[in-house]
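*Asks:* sequence-free structure coming up:
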C-alpha cells in the first residue's frame, strides 16, 4: 500500500522540504513521474532504501516464527520484544500506537480481511500506474493521467 500511496504523493509534487543528502541536493521531484524520480536518485540512496527493506525482512525472519513453521501469516514481531536490535526503537512497525491491542479476536479477524483486500487493491493500483506509463492505453481509466516512461521499470540501477 505504501507504493500506491507514495506514487500518488510523488505524482502530485509532494516531497520532503529538506535536502536528500549532506551535499544539499534536493529531492528529485522535478524529474517528473515517480519512476523518473527513482532514476534521478543516486545509487547510494537506492541502496539505502533496498537495504532498509531487506533489514525489515531479515528482522521478521530472525525475531519471528515463519508462517510455514507455525507462525501467523502477516504477523510482524515487535521491536521491543527482542534483543536482536541493540538499541531501543520507540515504535513497532505494526500498530505503533497500540490501537488494536484491546480489540476482540473477531474484530481483529475482520481487520485482517480488510487489510488483505486493501493490500491486493493497492497492488493492482500500482501495477496499473506502471503499466499505463510503459504502454499508453493499457489501462483505459488512466489514459492521459500519467505521463509516459521510457526507462526500465524492472532495473533499479539501470
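*Replies:* Yep, it's here. Owing to the predicted nature of the structure, the values given are computational and were not obtained by experimental measurement.
*Asks:* make it CA atoms for all contacts and neighbour counts henceforth
*Replies:* Will do.
*Asks:* Compute the mean per-residue pLDDT across stretch 8-17, please.
*Replies:* Averaged across stretch 8-17, pLDDT comes to 89.
*Asks:* gap between the top helix by length along the chain and the chain center?
*Replies:* For the chain, the helix with the greatest residue count under DSSP state H is helix 105-134. Distance, stretch centre to chain centre, for helix 105-134: 12 Å (Cα atoms, centre = their mean, to the nearest Å).
*Asks:* which helices and strands sit right next to it?
*Replies:* Using 3 or more Cα pairs under 8 Å, 6 or more residues apart in numbering; DSSP states H and E, the elements in contact with helix 105-134 are helix 2-11.
*Asks:* residue ranges for the helices of the protein, please.
*Replies:* Per DSSP H, the chain carries helices over the ranges 2-11, 34-40, 43-63, 105-134.
*Asks:* Check which helices and strands the shortest one is in contact with.
*Replies:* Applying 3+ Cα pairs under 8 Å, 6+ apart, we find helix 34-40 packed against helix 2-11.
*Asks:* buried set for the helix it packs on?
*Replies:* 4, 7-8, 10-11 (16 or more other Cα atoms under 10 Å).
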